[in-house]
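Asks: Could you work out the structure for the sequence below:
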Amino acid sequence: MTPANQPKALTLSVEKIGAENALSLFNCGQRPVDHWARKSALKLHKKGRHKVYLASAEGYESPIGFYSLSMAHRKAAKLLRQEDRDGWHMGAPFVFLDWLGVHKDHQNKGVGRILLADAINRTMIVNDIVPVYGLALSSLNKETTNYYEKLGFRMAPGESADANPLMILPIFTIVELF
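Replies: Got it, this is the predicted structure:
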């Protein structure tokens, strides 16, 4: 491919959701993600139960991706290492990546990685204020489980790859990244 016919790189910005209909037509091709984006994202963001961030690209009216963060608490048995289970014996707080979706027209172009990097950065910021065990998510399917494992997430003890496993990127790994 010559430089003249290479696709133009996207210039992305990631900001909190604002517009009433920002995700009303969102379509990543995964029914649960699309349904949540269209019906619940803005409502739960306004209620303060989730913080929803949109990826916008120059030249596109609608967001090309989004993710949602909230806080969650998990029992000590779900922590990755015995020393962590001993230290957080009452369980641990997590920044929880509830949803992440990239519009189907923009998949496999690095948008998801940029959104995930932004979520990891925000997790680090939260951890600078109050300690958290890390960034957690429930994987959608085996394909996403494999993807997140390649990025450093690990399945929590007792989870099965067949059933939306809880996956964790511990704060000690995130700190190493920064």
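Asks: Tell me the bridge partners for G65.
Replies: Using DSSP bridges, the bridge partners assigned to G65 are A55, V102.
Asks: Number the chain from 27, please
Replies: With the count now opening at 27, the last piece we talked about shows up as G91.
Asks: Just confirm it contacts R139, I think it does.
Replies: No - the criterion here is C-beta atoms under 8 Å, and G91 misses it with R139 at 10.3 Å. From N, CA and C alone the C-beta is placed, and that goes for glycine too.
Asks: Looking at those two, which is more packed in?
Replies: Neighbours per residue, other C-beta atoms under 10 Å: of G91 and R139, the larger number sits with G91, 25 against 12.
Asks: Now for the more buried one: which residues touch it?
Replies: Counting by C-beta atoms under 8 Å, 6 or more residues apart in numbering, G91 makes contact with C54, L80, A81, L126, G127, V128, H129, H132, V137, G138, I140, L141.
Asks: Of all pairs in those residues, which one is the farthest apart?
Replies: Farthest pair in the contacts of G91 (C-beta to C-beta) is C54 and I140. Separation: 14.9 Å.
Asks: And the two? Which one has more around it.
Replies: Neighbour count, other C-beta under 10 Å: between C54 and I140, C54 has more, with 21 against 16.
Asks: mind checking pLDDT for N153?
Replies: On pLDDT, N153 comes in at 97.
Asks: swap in S94?
Replies: On the pLDDT scale, S94 gets 98.
Asks: what's around it, how many residues?
Replies: Neighbour count of S94, defined by other C-beta under 10 Å: 23.
Asks: separation between it and N153?
Replies: Shown here: S94 relative to N153, a distance of 19 Å by C-beta to C-beta, to the nearest Å.
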